[in-house]
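Q: have a look at this prediction, sequence included:
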Amino acid sequence: MTIALEPAAPAAQGDRVSLLRVLGPAHVWALGVGIVLVGEFTGWNFSADKGGALAALIVCWVVGLLYTSVAMIDSEVTSTVAAAGGQYAQAKHIVGPLMAFNVALFLVFAYTMLEVSDAILLGDTIVAKAGVEGLTHNSFIAATIVVLAWLNYRGVLMTLNVNFVITAVAYISIVILFFSVSPWTQGAVLKLNELVTPGNALPYGWIGVIAAFQFGIWYYLGIEGTTQAAEEVRSPARSLPYGTMAGMITLLIAAAMTWYVCASMMPWEYLGITYYPLWDAGKLTGSPLLENLLFVATLLAAMASANGCINDAARAWFSLGRDRYLPTWFSAVHPRYRTPYRSILFLLPIALAFAFIADLNQAITFSILSGVLQYTFMSINIIMFRKKWPLGSIRRGYTHPFHPIPAIVLFCLCVVTFFAIFLGFGSQLIAMVAFYFLISLWFHFYRYKFVRRGDQFTMPWPKPQGY
Amino acid sequence: MSRYTPPEQSKAGQVFDIAVVVVAIFVALWLPLKLGLAGAAKSIDALDAKTWEALGQNPTMASIWEKLGYTPETAHDIIQNRFHYVIDWPTLIIMAAVLIGYFIFLFRASDREYRDVINEKFDDK
């Protein structure tokens, strides 16, 4: 039985198996927010380490602007190019195969390393809570990755239903914490004025604010993952923009609440290095109920994120196999569960290996690097999309306003973020880009010969202008 | 334009390509860790006097550190572990050149491939 799939395959190819269209806007929201919400439980706070507590707030809002641009651009392109692989499918139709190959690798690396970060966080959180000498996080990491891979193997609907529930519980815990510390009153529980003072608000000055962009990305990294579900939502033109924009609004609110509570309860030096800022905030309230709630929520957020990441990375990898950019073996869909099971299984040991050899902020940096490369592509991609198919030339599910301002804002903020990564993690950035460059040469001069040219363009659009 | 027919790849060839990709992924992610290139460029500015005042902590901050289980001695390496933001211009220029070169190559090579795709797709009709 041939199980390499083609979404728009004619009925005559009856022996092909396709992904199931079973998802709605709530699942899209759960996929996006589920991947990202862990960023409030750990990761964003490393921006305080790089620039101080005020820098973490500034980048929370400025990077929020970056991601609002990402969500607007993504909603337009994906509601028009509704295919598994998300930005990969966009690049294939708008820029070309080599770019698509790279974008898929950005996605796979960003999500796999995010999954690794989630598993490390989950393992470390359990070990910290247990407080048993000699207990290591390895077994918890392995169990998390394997169980979630199994869940993804068994079906997308169950996977995202689970994500919806655990993401909602984790989100509600942030809201409960926020209202439990009397946010309208300073001095009782929250002591922002005494912890963020004119003398320590920006300990490194404005260069620290720029440096903080690196981990500011972590507040929202992964919201663009909603597009990976494009081939499995019942109505892409409606569900994807709704789910993505609702997710972005949700995250902006959560990020602001998280910063306010944490910066008002911990000195910036501690906030910048802790792996569990919200759990620590729960502990510092002195309430066992809040402490335990935030402990459980940290675990749930890590699980939801890892779950969504496995889902997204596997679909990007699967798409590469389907288009013969990688061996077609990866393009198999499970005949019963209708999931890209070989891609899920292939990425499993890679995630496990890196979970054991990298530490948390290294894994996060790997993920952020791939994410920012992808956003840089997106800012140029939307300009090319509008140029090749101007408004009115094809049917768009959603048209984002103020073009090209979001694209320009996104591009400028990506440049700033590259500079931020250079401040502290420059060697890592050069090593990663060197890898992408070499693997691109491999694709362009060798692997591309196996690709069927005309089959790369599957959308029912007219010829692009200028070709 | 005649339709391009790609060669069929043998099973051994597929296995070899999978191996290449796996090795490339591990080299890209593991090598920076192994060579010590990954991770933050931070160092500890050690202080002789390890008191909350010397560490720049007011009474509120000190009380929170203590609530978290720290003393001035144990908090010293956390508080004094700082980034030192010095812009190394040659490295910055190399990084910018690598990034710009990478994106230029990507867009130009992609465009050549894209023209093949468009020609085959639309000239067949």
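A: Sure, I can see it. None of the values given here were measured: they were computed from a predicted structure.

Q: and the residue in chain A that chain B sits nearest to, how many neighbours?
A: Residue nearest to chain B within chain A: A:G96 (3.0 Å; Cβ to the nearest Cβ). C-betas here are computed from N, CA, C, even on glycine. Number of residues near A:G96 (other Cβ atoms under 10 Å in any protein chain shown) recorded here: 25.

Q: in three-state terms, label B:R82 for me.
A: Put simply, B:R82 is strand when judged by DSSP: H, G, I helix; E, B strand; the rest coil.

Q: just for the chain, where's the confidence low?
A: Answering for chain A, as no chain was given. For chain A, residues meeting the criterion pLDDT under 70 lie at A:1-19, A:84-85, A:361.

Q: wait, I meant chain B there
A: B:1, B:37-41, B:124-125.

Q: confirm for me that B:A24 is in contact with A:F437.
A: No. Using Cβ atoms under 8 Å, B:A24 and A:F437 do not qualify as a contacting pair, with a distance of 11.4 Å.

Q: tell me which element B:F103 falls in.
A: Applying DSSP states H and E as the criterion places B:F103 in helix B:89-123.

Q: could you list the buried residues of that helix?
A: By neighbour count on 16 or more other Cβ atoms under 10 Å in any protein chain shown, the buried set for helix B:89-123 is B:95, B:98-99, B:102-103, B:106-107, B:109-110, B:113-114, B:116-121.

Q: contacting chain A as well, which ones from the residues you listed?
A: Among the buried residues of helix B:89-123, proximity to chain A is found for B:95, B:98-99, B:102-103, B:106-107, B:109-110, B:113-114, B:116-121 (Cβ under 8 Å from any Cβ of the partner chain).

Q: so how far is A:W61 from the residue most central in space within chain A?
A: With the centre of chain A defined as its mean C-alpha position, the nearest residue by Cα atoms, centre = their mean is A:G222, 1.5 Å away. Going from A:G222 to A:W61 by Cβ to Cβ, to the nearest Å gives 19 Å.

Q: and if you look at A:Q456?
A: From A:Q456 to A:W61 the distance is 39 Å (Cβ to Cβ).

Q: ok, now A:F418?
A: Taking Cβ to Cβ, one finds A:F418 at 20 Å from A:W61.

Q: for A:M265, same thing?
A: 20 Å.

Q: more neighbours, those two?
A: Using other Cβ under 10 Å as the criterion, A:M265 and A:W61 rank with A:M265 on top: 24 against 14.

Q: mind listing what the more buried one touches?
A: A:M265 is in contact with A:V181, A:V189, A:L190, A:K191, A:L195, A:D280, A:A281, A:L284, A:T285, B:I64, counting by Cβ atoms under 8 Å, 6 or more residues apart in numbering or on different chains.

Q: ok, of these, which one's closest to A:T399?
A: For those, the minimum distance to A:T399 (Cβ to Cβ) is 41.0 Å, reached by A:A281.

Q: which residues are in contact with that closest one?
A: Counting by Cβ under 8 Å, 6+ apart, A:A281 touches A:L177, A:V181, A:V261, A:C262, A:M265, A:M266, A:L294.

Q: find the helix or strand that the fourth one is a member of.
A: In the assignment (DSSP H and E), A:C262 maps to helix A:236-263.

Q: would you mark the buried spots in that helix?
A: Under the neighbour-count criterion of 16+ other Cβ under 10 Å, helix A:236-263 has A:236-248, A:250-252, A:254-263 buried.

Q: what of stretch A:410-430?
A: Applying a neighbour-count criterion of 16+ other Cβ under 10 Å, one finds A:410-411, A:413-414, A:416-430 buried in stretch A:410-430.

Q: swap in stretch A:125-133?
A: Residues A:T125, A:I126, A:V127, A:K129 are the ones in stretch A:125-133 that count as buried (16+ other Cβ under 10 Å).

Q: with just CA atoms, put that stretch into PDB.
A: Extracted C-alpha coordinates of stretch A:125-133, given in PDB (Å, rounded to 0.1, in the frame of the first residue of the first chain):
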ATOM      1  CA  THR A 125      11.000  20.500  38.100                       C
ATOM      2  CA  ILE A 126      10.100  17.100  39.300                       C
ATOM      3  CA  VAL A 127      13.600  16.500  40.700                       C
ATOM      4  CA  ALA A 128      13.500  19.900  42.500                       C
ATOM      5  CA  LYS A 129      10.100  19.100  44.000                       C
ATOM      6  CA  ALA A 130      11.200  15.600  45.100                       C
ATOM      7  CA  GLY A 131      14.300  16.900  46.800                       C
ATOM      8  CA  VAL A 132      15.700  13.400  46.900                       C
ATOM      9  CA  GLU A 133      19.500  13.200  46.800                       C
END
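
Q: that one close to chain B?
A: No. Stretch A:125-133 stays clear of chain B (Cβ under 8 Å from any Cβ), getting no nearer than 11.5 Å.

Q: can you tell me what sits against that stretch?
A: The contact list for stretch A:125-133 (Cβ under 8 Å, 6+ apart) reads A:L135, A:T136, A:H137, A:F140, A:Y275, A:Y276, A:W279, A:F295, A:T298, A:L299, A:A302.

Q: what do you get if the cut-off is 6 Å, keeping everything else the same?
A: A:L135, A:H137, A:F140, A:F295, A:T298 (Cβ atoms under 6 Å, 6 or more residues apart in numbering or on different chains).

Q: please apply the same query to stretch A:355-367.
A: Residues outside stretch A:355-367 that contact it (Cβ under 6 Å, 6+ apart) are A:43, A:46, A:110, A:113-114, A:116-117, A:119-120, A:141, A:425, A:428, B:38-39.

Q: do the same with stretch A:248-258
A: For stretch A:248-258, the surrounding residues in contact (Cβ under 6 Å, 6+ apart) are A:V33, A:V36, A:E40, A:C60, A:G64, A:A71, A:I174, A:F178, A:Y219, A:Y220, A:I223.

Q: would you format those residues as a markdown table with distance to A:V372 and secondary structure included?
A: Converted to a markdown table, the contacts of stretch A:248-258 look like this (distance: Cβ to Cβ, whole Å; DSSP: H, G, I helix; E, B strand; the rest coil):
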| residue | distance to A:V372 | secondary structure |
| --- | --- | --- |
| A:V33 | 21 | helix |
| A:V36 | 15 | helix |
| A:E40 | 20 | helix |
| A:C60 | 17 | helix |
| A:G64 | 15 | helix |
| A:A71 | 16 | helix |
| A:I174 | 26 | helix |
| A:F178 | 30 | helix |
| A:Y219 | 14 | helix |
| A:Y220 | 12 | coil |
| A:I223 | 14 | helix |
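
Q: which of these are buried, as a ChimeraX select command?
A: The buried residues among the contacts of stretch A:248-258 can be selected in ChimeraX (16+ other Cβ under 10 Å) with this line:
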select /A:33,36,40,60,64,71,174,178,219,220,223
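
Q: the contacts of stretch A:248-258: which two are farthest apart?
A: A:A71 and A:F178 (23.5 Å).

Q: so what's B:S110 up against?
A: Applying Cβ under 6 Å, 6+ apart, the residues contacting B:S110 are A:V95, A:G96, A:L98, A:M99.

Q: equivalent analysis for A:R396, please.
A: By Cβ under 6 Å, 6+ apart, the contact set of A:R396 is A:T80.

Q: you'd agree it is in a helix?
A: No. Using three-state DSSP, the secondary structure at A:R396 is coil, not a helix.

Q: quick one: it and A:R452, what's the gap?
A: Counting by Cβ to Cβ, the gap from A:R396 to A:R452 is 27 Å.

Q: would you map the strands across chain A?
A: Using DSSP state E, chain A contains no strands.

Q: got the residues of it near chain B?
A: A:95-99, A:191, A:194, A:207, A:267, A:269, A:273, A:327, A:329, A:362, A:422-424, A:426-428, A:430-431, A:433, A:435, A:437, A:439, A:444, A:450, A:452-454, A:456-457, A:463, A:467 (Cβ under 6 Å from any Cβ of the partner chain).

Q: just the buried subset of those residues, please.
A: Judged by 16+ other Cβ under 10 Å, buried ones among the residues of chain A next to chain B: A:95-99, A:191, A:194, A:207, A:267, A:269, A:273, A:327, A:329, A:362, A:422-424, A:426-428, A:430-431, A:433, A:435, A:437, A:439, A:444, A:450, A:453-454, A:456-457.
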